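# What follows is a predicted structure for the sequence shown.
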Amino acid sequence: MEKQFTLFPIDTEFEVPKERTASDGVTLVSFRELVPEITDTGYLTHAIVSYPAKFIPQVVRYAINTYTQEGDWIVDPFAGSGTVGVEAYLCKRNAVLLDLNLLLNHIMPLKIYREKEQLHKEHLCKLLDSMRESKNHRFIPSWSNVQYWYAPEILKLLSHHWGYIYSIEQDVYAAIIKTALLKVSKRFSYTEHRTPKLARSKRKLAAIEGLLRENWKDQLIEIVYDHSLKTLRSLNDFVMQTQHHQNQVDFQGGVDSSYIDVPRECDALITSPPYLQAQEYIRSTKMELFWLGHTDEEIKELSRLEIPYRKADRVIHTPTLDKVRDQLSRPDLHKRLDSYFCHTINALENAMYRLKPNAAACIFVGNPRIDGITVELWRILAEYFSERGYLFEKVYEDRIKTRQLFGVRKNKNPDGMKSEFLLILRKTAV
Ligand SMILES: C[S@@+](CC[C@H](N)C(=O)[O-])C[C@H]1O[C@@H](n2cnc3c(N)ncnc32)[C@H](O)[C@@H]1O
């Protein structure tokens, strides 16, 4: 049964001032400069798994420091790799994380490693040594065309390593090794591992052929050891820093945020919705999901729910969005736009419904272009929500120099975006 939406009463008192333009209504900031205590975006457990279009932790930290208090509950309906969860835990806040991508369920127990004891390097190395020697186990992902993505000898070795890992106790050590196996399973495949989407390229095929003429097995296992040990160190640092933290981070991957019930009332929302185009999170992480034991059917089902690749069930209107529509001639782009706003707003509205009065909703978005037309996302969201019981409080503009899109890839101007915006809405006491 699909959930019915409760729309907030229309309250014109809180309209976004119409005369404001993007340049005069915004506060120009650099989140990196505002949060100088974070010098490395991949610090502690943030970088143990690659994920497309991650938040930089500075934005989240700034929103947490400015709009929440210790002990508060924060909801993120587009949690992705869980950046909000990690920052919330570090700042002694609680969090509810939701995302369509099942990867969240695999990542979070490691990213928020709550045990108070340090992990042992010797035990990890013993497991890695046994995995290296073992030929007795085999795991092949339930993926109809797995052979298309691997040279046969590489697939064979990976299937032994994964088989071994699935045969041992599924504890934190096994989870650490899995993060390393995910890394090599992508790197030693025919897909371009430096770009988010799964795509076989001539360049990568040639690179793998070259590798196969070298000592590729040694190179592969070296990466597995290095990455596993690095992850163990990150977890131990996390344990050290959070010795006295008692807060809670609940997470649910594999859910459609438009329709899931947020399990509790929250004091703030901090999120970054999917990109309007050029990003397919499920397809980008499909290889990881298969190795982690998910099936073709599960993954196809999730892809069908992904924003903005599904049909709109209502059409959102705001003055700025309607202006964009008027300028767009291509019907396929109209559909994409309708789908994007319908489902993004459904998910935001669903989560914001569970915010307490006076709570802040902090929504981080870009200004994408569609057919050459700029879509001022923050303004559209501000217009929509200020008609429904939210006060438009503020918008910050961060002119990004480099944006980490995926792992090591830096893109100066993804999707034609030059700036990113943190929109702050305040729930009124209705
Ligand atoms: C910009 S990413 C969020 C990245 C996250 N802030 C981080 O730091 O890792 C947007 C997320 O929206 C998720 N998403 C797309 N459609 C969704 C849906 N219908 N329900 C829930 N999440 C969805 C994608 O899986 C993706 O993780």
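Perfect, thanks for sending it.
# Angles on the backbone of the residue in the chain that the ligand sits nearest to, please.
Closest residue of the chain to the ligand, C-beta to the nearest ligand atom: residue 80 (2.6 Å). Where you see a C-beta, it was placed from the backbone N, CA and C, and this is true even at glycine. When read as degrees, to the nearest 10, the backbone of residue 80 gives phi 50, psi -110.
# What about it, how many residues nearby?
25 (other C-beta atoms under 10 Å).
# residue contacts, it?
By C-beta atoms under 8 Å, 6 or more residues apart in numbering, the residues touching residue 80 are 51-55, 99, 101, 104, 272, 281.
# Nearest to residue 341 among those?
Residue 341 has its nearest neighbour among the contacts of residue 80 in residue 272, at 15.8 Å by C-beta to C-beta.
# Against residue 192, how distant is the closest one?
24 Å (C-beta to C-beta, to the nearest Å).
# Also residue 274?
Remark: distance between residue 274 and residue 192 (C-beta to C-beta) = 21 Å.
# Which one's more surrounded, these two?
Taking neighbours as other C-beta under 10 Å, residue 274 and residue 192 compare with residue 274 leading, 23 against 16.
# give the contact list for the more buried one.
Listed by C-beta under 8 Å, 6+ apart, the contact partners of residue 274 are 53, 78, 281, 306-308, 340, 344.
# Within reach of the ligand, which of those are there?
Filtering those for proximity to the ligand (criterion: C-beta under 6 Å from any ligand atom) leaves 53, 78, 281, 306-307.
# For PyMOL, write the selection for the buried entries among these.
Selection of the buried residues among these in PyMOL, burial being defined by 16 or more other C-beta atoms under 10 Å:
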select buried, resi 53+78+281+306+307
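# Let's have the ones next to the ligand among the contacts of residue 274 in TSV, adding pLDDT.
Output for these, formatted as TSV (pLDDT from 0 to 100):
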residue	pLDDT
53	82
78	97
281	88
306	87
307	86
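# The residue of the chain closest to the ligand and residue 360, how far apart?
20 Å.
# Show me what the helix or strand containing residue 185 is packed up against.
In this structure, residue 185 sits in helix 172-187 according to DSSP states H and E. Here helix 172-187 touches helix 103-111, helix 121-133, helix 152-167, helix 216-241, helix 286-291, going by 3 or more C-beta pairs under 8 Å, 6 or more residues apart in numbering; DSSP states H and E.
# give me that answer again for 6 Å
Helix 172-187 is packed against helix 152-167, helix 216-241, helix 286-291, with contacts defined by 3 or more C-beta pairs under 6 Å, 6 or more residues apart in numbering; DSSP states H and E.
# For the ones you listed, could you give me a markdown table that also reports mean pLDDT and distance to residue 45?
Listed next are the helices and strands packed on helix 172-187 as a markdown table, based on pLDDT from 0 to 100; distance: least, C-beta to C-beta, whole Å:
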| stretch | mean pLDDT | distance to residue 45 |
| --- | --- | --- |
| helix 152-167 | 98 | 20 |
| helix 216-241 | 97 | 5 |
| helix 286-291 | 96 | 17 |
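# Surely residue 86 touches residue 111?
Yes. If you go by C-beta atoms under 6 Å, residue 86 and residue 111 touch, sitting 5.3 Å apart.
# dump the residue contacts of residue 226.
For residue 226, no residue meets the contact criterion (C-beta atoms under 6 Å, 6 or more residues apart in numbering).
# Return the distance of it relative to residue 255.
Note on residue 226: its distance to residue 255, by C-beta to C-beta, is 34 Å.
# Where does residue 97 sit, in terms of helix or strand?
In this assignment (DSSP H and E), residue 97 forms part of strand 94-99.
# Neighbouring strands of that strand in the sheet, and parallel or not?
Here strand 94-99 has these sheet partners by DSSP bridges: strand 73-76 (parallel), strand 249-253 (parallel).
# Write out the residues of the stretch 101-250 of the chain neighbouring the ligand.
In this structure, the stretch 101-250 of the chain approaches the ligand at residues residue 101, judged by C-beta under 6 Å from any ligand atom.
# just the stretch 301-430 of the chain next, same as before
305-307, 343, 347.
# can you do 8 Å?
Contact residues, the stretch 301-430 of the chain versus the ligand (C-beta under 8 Å from any ligand atom): 305-307, 310, 343, 347, 364.
# got any ranges where the chain has weak pLDDT?
Applying pLDDT under 70 to the chain flags residues 1-24, 278-279, 401-417, 430.
# Please repeat the previous calculation with a cut-off of 50.
Applying pLDDT under 50 to the chain flags residues 1-23, 402-417.
# List the buried residues for the longest strand along it?
Ranked by number of residues, the top strand in the chain under DSSP state E is strand 355-366. Of all the residues in strand 355-366, those buried under the rule 16+ other C-beta under 10 Å are 355, 359-366.
# Tell me which other helices or strands that strand touches.
Secondary structure elements in contact with strand 355-366, counted by 3+ C-beta pairs under 6 Å, 6+ apart, are helix 57-67, strand 266-271, strand 419-427.
# most packed of these?
Of those, the one with the most neighbours on average (mean count of other C-beta atoms under 10 Å) is strand 266-271, at a mean of 25.
# Sheet-wise, list the partners of that one with their directions.
Strand 266-271 pairs in its sheet with strand 73-76 (parallel), strand 355-366 (parallel), by DSSP bridges.
# gap between it and the chain center?
In terms of C-alpha atoms, centre = their mean, to the nearest Å, the centre of strand 266-271 is set 16 Å apart from its chain centre.
# could I get that strand in PDB with only the CA atoms?
C-alpha atoms of strand 266-271 as PDB (Å, rounded to 0.1, in the frame of the first residue of the first chain):
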ATOM      1  CA  CYS A 266      13.500  14.400  14.200                       C
ATOM      2  CA  ASP A 267      15.100  17.800  15.100                       C
ATOM      3  CA  ALA A 268      16.700  18.500  11.700                       C
ATOM      4  CA  LEU A 269      17.000  17.200   8.100                       C
ATOM      5  CA  ILE A 270      20.400  17.300   6.400                       C
ATOM      6  CA  THR A 271      20.500  15.800   2.900                       C
END
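# which other residues reach that strand?
Contacts for strand 266-271 (C-beta under 6 Å, 6+ apart): 60, 63, 67-68, 72-78, 84, 351-352, 354-356, 359-363.
# What lies in contact with the following helix or strand past that strand?
Per DSSP H and E, the first helix or strand lying C-terminal to strand 266-271 is helix 281-284. Residues outside helix 281-284 that contact it (C-beta under 6 Å, 6+ apart): 52, 101, 196-198, 302-303, 306.
# okay, now the residue nearest to residue 219 when sequence neighbours are not counted: neighbour count?
Once flanking residues are discounted, residue 219 sits nearest to residue 211: 7.1 Å by C-beta to C-beta, 6 or more residues apart in numbering. Neighbour count of residue 211, defined by other C-beta under 10 Å: 17.
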